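A.B. asks: Mind folding the following:
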Amino acid sequence: MSYTNVRKIGNKEAIWFLVILFVSKILFADINRYVGQSGTAAYIQTIWCAFLAAVIFIVTATLSGEHDIFQASYLALGNVGMKIVGIIISLMLLLNAGVMMRVYAEIISSIALPDASEFFILVALVIAAAFAAFSGIGTLGAYSFAAGIVLVATLSAILILNIPNYDLSNIYPVLGNGIGSILSGVDGLSVYADVFLVFLMATHFSKGTSAKKAGLRAIIISGVVITATTFLYILTVPYPAATEFSLPILEIAFDVNLDVIFQRAEGLFLFLWIFSGFIVIGAYICFSILSFERSFNLSDRRGVIGVFLLIGLGVAMSMESVSLQRDLYAAFYMAFTAVSYGLPLAVFGIRKLRGR
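C.D. replies: Residues are numbered from 1 along each chain as shown. Next up is the predicted model:
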């Protein structure tokens, strides 16, 4: 029996797994990018990008016919084609895992543990990823159901505690830098790029679970959370000062005054950051191994886990600081987004044409 078939994933688990991946993006500079493009109308751009992501996903999911991407690539491109698709996905996710290890370690080191070595923080992230890899997709999905609710609840707590600092005058002019800047800000689609993972986990779904419903609902839930967070960030930090901060949620937390127990709510942000880091990196490693396993029909994937973890750690250690290589990181995220949307659409589209 395959190791990955131990536990199945239900609708709620799949939805919250994707929500974690989507919402975790705004702990980085994604909100800052929205504000930089659309100014005081950044929250309108988030709605636009969520809508576009939902449309692209619906088209892709409809073409999939509830096949996972490995089944579809085999039917469309044959055994060799399936292996090529699997290698592309596996390599892409493994590189992303390494990049995210570096980003998380750098921020944790600079904010929470300034005296700690980044190497030891990377090792801690690798250990967490190892637990996810050995546990399997089903267990990761079950954990995500509770973890996603905790993540959104903690973020909501920060936003609610910041109510005294909101200033409605910050949203003017309502259209920010103009409707053109809003419509052209399609690079915000990168927030939802991980939605393609729903097509990898399809064979792990329990009876009645739908990739199309899970992905669409995850985009809607995340779109609401991201739009609300962006809107409240603008109310907290006026434009153009709002474009200067690379960690917008941290800036909101800085403004929260809890008086009695803590001075501010940075601790909640750091909890979000570290908590999401363990889940996100573990997910990328886990799905990278899954893709490799499916592509080469491995009977037991546990034998390759160590190799994948070491490669991910090697990528992280070879990367330079985000501040020094910002353009390189931006180019990687752009390439990841393009492949995440384009590859499934191409595979399912070819399968549909060949099926006719």
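
A.B. asks: Below-threshold pLDDT in the stretch 1-150 of the chain: ranges please.
C.D. replies: In the predicted model of the stretch 1-150 of the chain, residues 1-6, 112-116 satisfy pLDDT under 70.

A.B. asks: The residue nearest to L175 when sequence neighbours are not counted: neighbouring residues, count only.
C.D. replies: With sequence-adjacent residues excluded and distances taken as CB to CB, 6 or more residues apart in numbering, L175 is closest to A41, at 5.1 Å. From N, CA and C alone the C-beta is placed, and that goes for glycine too. A total of 27 residues lie near A41 under the criterion other CB atoms under 10 Å.

A.B. asks: Can you tell me the SS state at A41?
C.D. replies: A41 carries the three-state label helix when classified by DSSP: H, G, I helix; E, B strand; the rest coil.

A.B. asks: show me what contacts L151?
C.D. replies: Contacts for L151 (CB atoms under 8 Å, 6 or more residues apart in numbering) come out as V19, I20, V23, S24, L272, F275, S276.

A.B. asks: mind checking how far it is from F269?
C.D. replies: The gap separating L151 from F269 is 12 Å, by CB to CB, to the nearest Å.

A.B. asks: What about the closest residue to A132 other than its chain neighbours, how many residues nearby?
C.D. replies: On the basis of CB to CB, 6+ apart, the spatially nearest residue to A132 that is not a chain neighbour turns out to be G282, at 2.9 Å. Burial measure for G282: 23 neighbouring residues, criterion other CB under 10 Å.

A.B. asks: and stretch 19-28, how far apart are its ends?
C.D. replies: Counting by CA to CA, to the nearest Å, the length from the leading to the trailing residue of stretch 19-28 is 15 Å.

A.B. asks: I meant to write stretch 102-120 there.
C.D. replies: According to CA to CA, stretch 102-120 extends 12 Å from its N-terminal end residue to its C-terminal end residue.

A.B. asks: now it, how far from the centre of its chain.
C.D. replies: Per CA atoms, centre = their mean, to the nearest Å, the displacement of stretch 102-120 from the mean C-alpha position of its chain is 20 Å.

A.B. asks: buried residues in it?
C.D. replies: Residues of stretch 102-120 classed as buried under the neighbour-count rule (16 or more other CB atoms under 10 Å) are R102, V103, Y104, A105, E106, I107, I108, S109, A112, E118.

A.B. asks: Contacts only, for the residue nearest to A132.
C.D. replies: When contacts are counted by CB under 8 Å, 6+ apart, G282 touches A128, A129, F131, A132, A133, L140.

A.B. asks: Just name the closest of these to R354, please.
C.D. replies: Lowest distance from R354 to the contacts of G282 (CB to CB) belongs to L140, with 32.6 Å.

A.B. asks: ok, the closest one - how many residues close by?
C.D. replies: 24.

A.B. asks: ok, it touching C286?
C.D. replies: Yes: when contacts are counted by CB atoms under 8 Å, L140 is listed as touching C286 (5.8 Å).

A.B. asks: Next, show the common contact partners of the two.
C.D. replies: By CB under 8 Å, 6+ apart, the residues touching both L140 and C286 are A132.

A.B. asks: ok, how many other residues are close to A54?
C.D. replies: Other residues near A54 come to 19 when the count uses other CB under 10 Å.

A.B. asks: And it, how far from V195?
C.D. replies: Remark: distance between A54 and V195 (CB to CB) = 9 Å.

A.B. asks: Now do the shared contacts for these two.
C.D. replies: Residues touching both A54 and V195 (CB under 8 Å, 6+ apart): I219.

A.B. asks: Which other helices and strands does the helix or strand that contains A330 contact?
C.D. replies: Here A330, judged by DSSP states H and E, is contained in helix 326-355. Packed against helix 326-355, as judged by 3 or more CB pairs under 8 Å, 6 or more residues apart in numbering; DSSP states H and E, are the following elements: helix 42-64, helix 69-107.

A.B. asks: Mind listing what's buried along the last one?
C.D. replies: Burial within helix 69-107, assessed by neighbour count using 16+ other CB under 10 Å, is assigned to 69-77, 82-83, 85-86, 89-90, 92-107.

A.B. asks: Would you mind identifying the next helix or strand past it?
C.D. replies: Read in the C-terminal direction, the helix or strand following helix 69-107 is helix 118-135, with elements assigned using DSSP H and E.

A.B. asks: All good on my end, thank you.
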